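Q: pasting the sequence and the predicted coordinates here, then a few questions.
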Amino acid sequence: MTGNLKQRLYQHRNRNFKSFSGRYNLNKLVYYEKFKYPSLAIRREKQLKKWNRLWKVNLINDFNPDWEDLTIRFKH
């Protein structure tokens, strides 16, 4: 969860962020959700963390079937 996705993407790309993505060398955005209220985003993040891998893969496939890097949407 972040309030500034553009900044978070920069951090991940430049390895300035010690996190899951840093440990596993992940630098491609394939899925995201927007929320009006942080509490709803936090609730959703906790929900997704409990999901098994197949459910997450299916969620990404529905949202972004080609697993394209979506960071281009946030470069402006």
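A: It's in. Please read all numbers here as calculations on a predicted model, not as lab measurements.

Q: what are the boundaries of the helices in the protein?
A: Using DSSP state H, the helices of the chain run over residues 5-13, 20-23, 38-50, 53-63.

Q: so which of the ones you listed is nearest Tyr32?
A: With respect to Tyr32, and counting by CB to CB, the nearest of those is helix 5-13 at 6.8 Å. Using the backbone N, CA and C atoms, a C-beta is placed for each residue, glycine as well.

Q: what's in contact with the closest one?
A: 2, 16-17, 19, 21-22, 26-27, 29, 32, 71, 74-75 (CB atoms under 8 Å, 6 or more residues apart in numbering).

Q: would you list the buried entries among those?
A: Buried members of the contacts of helix 5-13, counted by 16 or more other CB atoms under 10 Å: Ser21, Leu29, Thr71.

Q: out of the contacts of helix 5-13, flag the one nearest to Ser39.
A: Using CB to CB, the contacts of helix 5-13 come closest to Ser39 at Thr2, 14.4 Å.

Q: which one is the closest one nearest to, not counting chain neighbours?
A: Nearest residue to Thr2, sequence neighbours excluded (CB to CB, 6 or more residues apart in numbering): Arg8, at 4.3 Å.

Q: off-centre distance for the lowest-mean-pLDDT helix or strand in the chain?
A: Lowest on mean pLDDT, DSSP states H and E among the helices and strands of the chain sits helix 20-23, with a mean of 76. Distance of helix 20-23 from the chain centroid (CA atoms, centre = their mean, to the nearest Å) equals 12 Å.

Q: before we move on, the earlier item: next, count neighbours for the residue nearest to Thr2.
A: By other CB atoms under 10 Å, 17 other residues sit near Arg8.

Q: got it, and Arg44?
A: 13.

Q: where does the protein have low pLDDT?
A: Where the chain drops to pLDDT under 70, the residues are 16-18, 76.
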